[in-house]
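K.L.:
Build me a model from this:
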Amino acid sequence: MGAVLAQILDGETVKTAKYETSTGALVALLGARAFVWADLYTITLATGVVLRLAAGDSDWAYGGNTWSHSGPFIEHPDRKPTAHWKLGLDVDTWQFSVIPRSVDPITNAAYPDAIGSTPWLAAARAGALDGAIVQVDRAYLAAWPAYPRALILAPTGVVNIFTGRVAAIDVDRATVEITVNSHLELLDQSMPRNLYQAGCSRVLFDAGCSLIASSYAASLTVGSGSTQSLIVATSGLPGGSGTYALGRILFTSGRNSGFSRSVRSMTQVTTTLQLALIAPMPFAVTAGDAFTAWPGCDKKMATCTTWGNIANFGGEPYIPSPETAA
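P.N.:
Numbering: from 1, shown residues only. Modelled structure (predicted):
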C-alpha cells in the first residue's frame, strides 16, 4: 500500500490517511477487519508547547510519545467528535470537546488540568489555543487487553486521520468545544497574492517596509484639555511622514497603561498637538499620563519619499485606472 493506507471502518472505505508505521502488522490487522481503536490528540500551541490527550480510559505510548487519558477528558460519550470530509479542495473540519476536571479525585486539588500554569477553561478563554495545530491519530489493537490492563498500551500501529489548525473555540462553564479546519484552508485566500494598486501594499514598519518602529517612537505626555477621544500633547512634529495621522499611540502610565489606539488625524495648534483617535481610550485620561506615539503613513509615493524609503515603496502609481486603460 506504499505510503498511503485506506482506513477501513464498519466495512466502509472512507478517506485515505497517512500510514505511519513501516511494518505490515497494521495492514494485516485492518485487512482482517477485527480490531479496536482509540483516538490520540496532539495539540501543538503557537508557543510550541505540545499537549497529548488520549480518548478512552487508557494511556497510549507510540513513537517515543505518551498520550494521557487522565485529564482533561476528551471525546466524552455524550459529546462525540464529528468530522466532515469533502471532495475536492473544500476545507475539511473536525469538531471535538475537551472537558477539564473541576477537582482531582485523589488530591482534591481544584482545576488540576492546566495549559502551563493556567486552568484549561481560563487558558482557552484567554486564547491559548488560537492558531494551534491539532493532529488526530487513530491507534489500533487487535483486542483490548484482559484486566488488569497495562498502565500504558502500545498499539499495533497508528494512522493519522486528521490534521489542521484551530478555527473556532466555544467555552462554556465546563467544556471547551474546538473546531479544527484542515490545512486546505490555506488555499482559501484571495488570488492573485499581490494586488497591484496605486497605494503602497506594505504595512508601515513591516519586513517589506524595512523601517524600524523604535527609530520613530516619541515619548509624549498628556496635556490639559485632553479627553478619551482627543489627546492634547506638547511636542514637535514627528520624524518620517511628519504627522501622527494614521499612526498609533500606546499609553505607558495611568489607568490606560498598556492600551493602544490608532490616530485618525493630527492638528497642530500653536505649541500643542491634538491627536483625534479612531476609538476612545477605555478609561479617562489624566494630564501627566505618559504615552508613546508613532507617525503614520498614507501609503502614497510622495509620503514614502519623505520617509527616505522610496526604494521599498510597494505601490504602482503609474498603472492606469480601468476607465482609461486600453
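
K.L.:
Can you point out the buried residues in the longest strand seen in the chain?
P.N.:
Determined from DSSP state E, the single longest strand within the chain is strand 157-171. Judged by neighbour count (16 or more other CB atoms under 10 Å), strand 157-171 contains these buried residues: 157-167, 169, 171. Where you see a C-beta, it was placed from the backbone N, CA and C, and this is true even at glycine.

K.L.:
Any stretches of the stretch 101-250 of the chain with poor pLDDT?
P.N.:
Applying pLDDT under 70 to the stretch 101-250 of the chain picks out residues 148-149, 191.

K.L.:
Contacts only, for the nearest residue to A290 once chain neighbours are set aside.
P.N.:
Of all residues not flanking A290 in the chain, S253 sits nearest, at 4.3 Å (CB to CB, 6 or more residues apart in numbering). With contact set as CB atoms under 8 Å, 6 or more residues apart in numbering, S253 has these partners: D289, A290, F291.

K.L.:
isn't the second one right up against I249?
P.N.:
No: contact status for A290 versus I249: not in contact, 10.6 Å apart, counting by CB atoms under 8 Å.

K.L.:
count of residues packed around the nearest residue in space to R101 that is not next to it in sequence?
P.N.:
Counting by CB to CB, 6+ apart, the nearest residue to R101 once its immediate chain neighbours are dropped is G71, at 4.8 Å. By other CB atoms under 10 Å, the residues close to G71 number 17.

K.L.:
just to revisit the earlier point, and the helix or strand following the longest strand of the chain, what does it pack against?
P.N.:
Per DSSP states H and E, the first helix or strand lying C-terminal to strand 157-171 is strand 176-182. If contacts are counted by 3 or more CB pairs under 8 Å, 6 or more residues apart in numbering; DSSP states H and E, strand 176-182 sits against strand 93-99, helix 120-125, strand 157-171.

K.L.:
contacting residues around whichever helix or strand comes after the second one?
P.N.:
Scanning the chain past helix 120-125 towards its C-terminal end, the next helix or strand to appear is strand 133-141 (assignment: DSSP H and E). Outside of strand 133-141, the residues that reach it under the criterion CB under 8 Å, 6+ apart are 7, 20, 26, 29-30, 35-44, 60, 62, 94, 96, 153, 155-166, 178, 180.

K.L.:
from those, which would you call buried?
P.N.:
7, 20, 26, 29-30, 35, 37-44, 60, 62, 94, 96, 153, 155-166, 178, 180.

K.L.:
Next, count neighbours for A114.
P.N.:
16.

K.L.:
for K80, that is, sorry about that
P.N.:
By other CB under 10 Å, neighbour count at K80 equals 11.

K.L.:
Quick one: end-to-end distance for stretch 64-84.
P.N.:
30 Å (CA to CA, to the nearest Å).

K.L.:
can you pull the contacts of A290?
P.N.:
S219, L220, T221, V222, F251, T252, S253, G254 are the contacts of A290 under CB under 8 Å, 6+ apart.

K.L.:
can you pick the most crowded of these?
P.N.:
Top of those by neighbour count (other CB under 10 Å): V222, with 24 neighbours.

K.L.:
partners of that residue in the sheet?
P.N.:
Applying DSSP bridges to V222 yields these beta-bridge partners: A233.
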